[in-house]
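Novice: Fold the following and give me the result.
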Amino acid sequence: MTPTSQGPPFVSEDESRGWEAALWEFAHQADHLEARGAYRTATVLREAIKLARAGGLLCEHRPAPRH
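Specialist: Numbers count the residues shown, from 1 in each chain. Below you'll find the model as predicted:
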């Protein structure tokens, strides 16, 4: 999995690097889970990564982020 985002729009450049490092680590852990046969868990983790890269879910109690 390759990074496709620069982190959320509300973080600094340093925080963005940390954000990407965390997402890379989650993807790495998903690979380990899949190798052990935990396919559902690996899939859920990968979907969570996609959701985070897309900016998260929009909820009525949380305003949309400003770009």
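
Novice: Just list the residues touching the residue positioned nearest the centre of the chain, thanks.
Specialist: Nearest to the geometric centre of the chain sits residue 49, at 2.9 Å (C-alpha atoms, centre = their mean). Contacts for residue 49 (C-beta atoms under 8 Å, 6 or more residues apart in numbering) come out as 1, 23, 26-27, 30. Using the backbone N, CA and C atoms, a C-beta is placed for each residue, glycine as well.

Novice: Which parts of the strand or helix carrying residue 52 count as buried, going by neighbours?
Specialist: Per DSSP states H and E, residue 52 falls inside helix 39-53. Using 16 or more other C-beta atoms under 10 Å as the test for burial, helix 39-53 gives 42, 45-46, 49, 52-53.

Novice: For the longest helix seen in the chain, name the packing helices and strands.
Specialist: In the chain, taking DSSP state H as the definition, the longest helix is helix 13-35. Where contact means 3 or more C-beta pairs under 8 Å, 6 or more residues apart in numbering; DSSP states H and E, helix 13-35 is packed against helix 39-53.

Novice: next one: the helix it packs on to chain centre, how far?
Specialist: Taking C-alpha atoms, centre = their mean, to the nearest Å, the mean C-alpha location of helix 39-53 is offset from the chain mean by 8 Å.

Novice: for stretch 22-41, same thing?
Specialist: Distance, stretch centre to chain centre, for stretch 22-41: 13 Å (C-alpha atoms, centre = their mean).

Novice: got the buried residues for that stretch?
Specialist: Buried, per 16+ other C-beta under 10 Å, within stretch 22-41: 23, 27, 30, 33-34.

Novice: same thing with stretch 51-64?
Specialist: By neighbour count on 16+ other C-beta under 10 Å, the buried set for stretch 51-64 is 52-53.

Novice: any idea what sits nearest residue 52, other than its immediate chain neighbours?
Specialist: Spatial nearest neighbour of residue 52, excluding adjacent residues (C-beta to C-beta, 6 or more residues apart in numbering): residue 23 at 6.4 Å.

Novice: Now do that neighbour, the pLDDT please.
Specialist: For residue 23, the pLDDT comes out at 95.
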